[in-house]
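Chemist: how would this look folded up:
(chains A and B)
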Amino acid sequence: MHEIVLAIGFGIVTSAILALGAVGFSLQFGVSNIFNLAYGDIMTVSAFVAYVTNADAGANIWVSMAAGAAAGSLLSVAINRFIYTPFIRRGTALFTMVMVSLAVGTVVENAVQAIAGDGFRGYRLGAVKSINLAGMSFTSRQLIIVGIAVVSMVGLHVLLRGTRVGKAMRATATHPELARSCGVPTDRVTAIAWGISGALCGLAGVALALNLAAFDFTFGQSFLLIIVAAAVFGSVGQPYGAMAGAVVIGMASEIAAVYVPSLKEVVAFALLVIVLLIRPNGLWPGAFVQKMNVAAR
Amino acid sequence: MGPFGVRSGRRAVVVASAIVMALSVAACSSSSPKSSPSTSSTASAVAVAPSSSAPTAATAASSAASSEAPATAAATSAAAATGSTLNIGVIYPFTGSNADQGAVGMAGCLTGVAQVNAAGGVLNHKLACKPFDTKGDPADAVPAANQMLASSSPVMVIGASDDAVATSPIITAAKIPNFATIGDPHFDNQTNPYFYRLTPSDALQGVALGYYAAKNNFTKAAAVFTSDLGAQTSVPPFRTEYKKLGGTLVSDLTLAPGSTSYRSEVAKVIASHPDAVISEMDPQSAATFWSEYLQLAGKLPVVLGTERTSEGDWITAVDKAVGDKVFDPAFTSIAPYVEFSGPGYDLYKQYLGSLGSQIRDSSQYTGHPYAISDFDAVTITALAMTMAKSTKGSDYNADIPKITAQTAGATVVHTYAEGLTALASGKTIQYVGASGPLVFDQYQSAGRAFAFFLYDAPTKSMLPKTVIPGTALAP
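Modeler: Down below sits the predicted model:
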């Protein structure tokens, strides 16, 4: 029983990190209809930017995390503006856009390798002690990451539900042509959405790198699959679904690790398949369903 | 309707297609190590870039520049070779998480080539190393092997590691001798006459682990290995030997490599109170696992790793995760033994140091058993070619085992130049090079002893401390 309680605590941390990544991924898909396979590589860039500010410039890790988030945001906006949007305006098919994003990711990964090299990096961190809460074990750093994830999710909810920009995002995601004809500046709204999702991507990248303790130029891409799984699990394009998906997959894998460590991810993906068999649109009701062609903007 | 509404369309097909794409990306990405390779690798990439079936722009420029040039230093007493340049294919991962394997292979090849070229080359030909990238995936290794044969016509091949299962049939079908540092026990009884294994079997590595742990009073050990092939091949023989010698496995875990967290698994191991942890993981998984172990337990146990633990990239990753002060006393390894002394080794070091910008941070390969073995492979091949008076694989292949055989009355030589002189005098030779005697058995595997390695902080490498006698590991 003690092992299960511990695993739940570990699952909370894993879920928080996955949530940051999955929600950002879902946001991009929801607004732009792009299954962005370069997402993992943007996480890597963010982690390396944070590394430079932390290890080289000597900044505090949380300041570095903010720098990583900013880098992820800027890079995401730039990729969308200068690469994806021209394709979208030509009415490029959705599947072709997936290939484009794959190519972008490959370029970004190789660029990181060329600049940073192959070696592993680790952030400069002070020692932290374990904190026991209700039988679960955390470090102060992990609790801060969970806090950042919670604040980010709450902030996103407030943005989507309580602000004009959020309403414009929802309108653009639902029907961009109609939104445009209603006076919504869809290009600007899309850029804002990519900026926000890129920031979440950056936060996820740094949080994941912190969790892994050492990372190299390939780490972001190697964890893309589980982030996509969390997003799809909760209904891709649905940020709330992505949050739920991250919690389920994070918890499932940590609890499964108590019994069958070698199959922890198999359990998580098996759950994904079962849920999709029962609910093909994902866990979240009212799932976002995509057209085959990316809507021209 | 949710915040992003509902649209009609073939959503399921698109999403399913994209998931397949994402799975393909993950499968092809070498960041999630499919194997914790039994071959060696180091953190710093060599300054060359390999050809592959999809060469990148970043790598193409450096490839041509750095894959050929012989060493800038050393002896020039021999006459210069005037014939065409002969290529040695070096086929390993050069990109992805196992990119260090390629760096190691090139270090050994370039050093061997430098020695041979400095002594005048082979039968009037210079040698050159040509890298080819398997990306750590058999699906990419096969086209890389085919491209290697088609574009460079190699006279010998060094590599691959775990991908050798895919590449060696292609290479040896072309009657090209293939030297590999692969510990996979599938090769223990291989009969391909053109395939040579330079490293002991992982099965023997497992026996060595069990023997050392039991004999050094680690009677309650935990076994923690990742589920990839490279790590798992050592596990069954380790369990058998350890239990045979009276050890008790208090925890026996197989981990999924490349997970975001191992805290649950770490908690299980801590709860079993082991007096040592026997382990093999890839660098990323190891960094995550051991940092979480340190966080949960407050300290690390004695960790007895395999050869993987002694490789530069592993040391770098885990050292950054747990810190120098914790790393030093905790991590040890059992790995194939190289004496790191003698005229052959001294020459290896000399040529390694002379490579200059061809190799990034060459000092990390000074004590690398696989780079040293690859250096010897080049020398052995060059001597075999000389003996056969031919650079054609089908002509000189049969002479390879003769070069290192312990033949009665043979003249022991330690360098290529010495071997040339002895062969020119009509003598039978036994080459004992940088890695010591490399005597090939009937399956063309070179037997080698194992040793217990301790971490040496000044050199940031594992150095041998205690040799495990071969008789102790005999079945």
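
Chemist: Which stretches in chain A count as helices?
Modeler: A:2-32, A:39-51, A:61-79, A:85-89, A:94-116, A:140-162, A:164-174, A:176-181, A:186-212, A:219-222, A:224-233, A:239-259, A:264-278 (DSSP state H).

Chemist: what's in contact with the third one?
Modeler: So the one you mean is helix A:61-79. Outside of helix A:61-79, the residues within contact range by CB atoms under 8 Å, 6 or more residues apart in numbering or on different chains are A:28, A:38, A:42-43, A:45-47, A:49-51, A:53-54, A:59, A:104, A:108, A:123-125, A:141, A:144, A:148, A:191, A:194-203, A:205-207, A:210. Bear in mind the C-beta positions are built from the backbone N, C-alpha and C, glycine included.

Chemist: in it, what counts as buried?
Modeler: A:61, A:64-77, A:79 (16 or more other CB atoms under 10 Å in any protein chain shown).

Chemist: I'd like the mean pLDDT over that helix, please.
Modeler: The average pLDDT within helix A:61-79 is 96.

Chemist: got it, and the shortest one?
Modeler: Helix A:219-222 shows a mean pLDDT of 87.

Chemist: which strands and helices sit next to that helix?
Modeler: helix A:39-51, helix A:186-212, helix B:11-28 (3 or more CB pairs under 8 Å, 6 or more residues apart in numbering or on different chains; DSSP states H and E).

Chemist: one step back: from the buried residues of helix A:61-79, which is closest to chain B?
Modeler: Nearest to chain B, judged by CB to the nearest CB, of these is A:I61 at 14.2 Å.

Chemist: How much space separates that closest one from B:A321?
Modeler: 15 Å (CB to CB, to the nearest Å).

Chemist: and if you look at B:V104?
Modeler: Taken as CB to CB, the span from B:V104 to B:A321 is 22 Å.

Chemist: okay, these two: which has more neighbours?
Modeler: Neighbours of B:V104 and B:A321, each counted by other CB atoms under 10 Å in any protein chain shown, are more numerous for B:V104; the result is 32 against 26.

Chemist: Can I get the helix or strand containing that one as CSV, trimmed to CA atoms?
Modeler: With elements taken from DSSP states H and E, the one containing B:V104 is helix B:99-118. What follows is helix B:99-118, C-alpha atoms only, in CSV (Å, rounded to 0.1, in the frame of the first residue of the first chain):
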residue,chain,number,x,y,z
ALA,B,99,26.6,8.6,-31.6
ASP,B,100,29.6,8.1,-29.4
GLN,B,101,29.9,4.5,-30.8
GLY,B,102,30.8,6.1,-34.1
ALA,B,103,33.3,8.4,-32.5
VAL,B,104,35.0,5.4,-30.8
GLY,B,105,35.1,3.4,-34.0
MET,B,106,36.6,6.4,-35.9
ALA,B,107,39.2,6.9,-33.2
GLY,B,108,40.4,3.4,-33.5
CYS,B,109,40.3,3.4,-37.3
LEU,B,110,42.1,6.7,-37.7
THR,B,111,44.8,5.8,-35.2
GLY,B,112,45.4,2.4,-36.9
VAL,B,113,45.4,4.0,-40.4
ALA,B,114,47.9,6.6,-39.2
GLN,B,115,50.2,3.9,-38.0
VAL,B,116,50.0,1.9,-41.2
ASN,B,117,50.3,4.9,-43.5
ALA,B,118,53.3,6.2,-41.5
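
Chemist: For that helix, name the packing helices and strands.
Modeler: strand B:86-92, strand B:127-133, strand B:156-159, helix B:343-353, helix B:369-388, helix B:416-424.

Chemist: Reformat the ones you listed as a markdown table; add mean pLDDT, distance to chain A and mean neighbour count.
Modeler: A markdown table is the format used below for the helices and strands packed on helix B:99-118 (pLDDT from 0 to 100; distance: least, CB to the nearest CB, whole Å; neighbours: other CB atoms under 10 Å in any protein chain shown):
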| stretch | mean pLDDT | distance to chain A | mean neighbour count |
| --- | --- | --- | --- |
| strand B:86-92 | 97 | 13 | 28 |
| strand B:127-133 | 97 | 12 | 28 |
| strand B:156-159 | 96 | 17 | 32 |
| helix B:343-353 | 94 | 19 | 21 |
| helix B:369-388 | 96 | 16 | 28 |
| helix B:416-424 | 96 | 31 | 19 |
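
Chemist: I'd like these written out as CSV, with distance to B:T111 added.
Modeler: Below are these laid out as CSV (distance: least, CB to CB, whole Å):
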stretch, distance to B:T111
strand B:86-92, 12
strand B:127-133, 10
strand B:156-159, 12
helix B:343-353, 5
helix B:369-388, 5
helix B:416-424, 11
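
Chemist: so which residue of the stretch 1-150 of chain A comes closest to chain B?
Modeler: A:G122 (3.1 Å).

Chemist: my read: that residue touches B:V322, true?
Modeler: No. Judged on CB atoms under 8 Å, A:G122 makes no contact with B:V322 at a distance of 9.2 Å.

Chemist: mind listing what the residue in the stretch 101-250 of chain B that chain A sits nearest to touches?
Modeler: Nearest to chain A, among the residues of the stretch 101-250 of chain B, is B:S227, at 4.6 Å (CB to the nearest CB). B:S227 sits next to A:262, B:254-257 when contact means CB under 8 Å, 6+ apart.

Chemist: Could I get the phi/psi values of it?
Modeler: With angles defined as degrees, to the nearest 10, B:S227 sits at phi -80, psi 0.

Chemist: and if you look at the one 4 residues further on?
Modeler: Dihedral angles of B:A231 (phi, psi; degrees, to the nearest 10) stand at phi -80, psi -40.

Chemist: Surely it touches B:E307?
Modeler: No. Applying CB under 8 Å as the test, B:A231 and B:E307 come out as separate, 11.1 Å apart.

Chemist: Output the helices of chain A in JSON lines, with distance to B:T248 appended to each entry.
Modeler: JSON lines is the format used below for these (distance: least, CB to CB, whole Å):
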{"stretch": "helix A:2-32", "distance to B:T248": "21"}
{"stretch": "helix A:39-51", "distance to B:T248": "41"}
{"stretch": "helix A:61-79", "distance to B:T248": "41"}
{"stretch": "helix A:85-89", "distance to B:T248": "61"}
{"stretch": "helix A:94-116", "distance to B:T248": "44"}
{"stretch": "helix A:140-162", "distance to B:T248": "34"}
{"stretch": "helix A:164-174", "distance to B:T248": "59"}
{"stretch": "helix A:176-181", "distance to B:T248": "65"}
{"stretch": "helix A:186-212", "distance to B:T248": "32"}
{"stretch": "helix A:219-222", "distance to B:T248": "36"}
{"stretch": "helix A:224-233", "distance to B:T248": "35"}
{"stretch": "helix A:239-259", "distance to B:T248": "22"}
{"stretch": "helix A:264-278", "distance to B:T248": "26"}
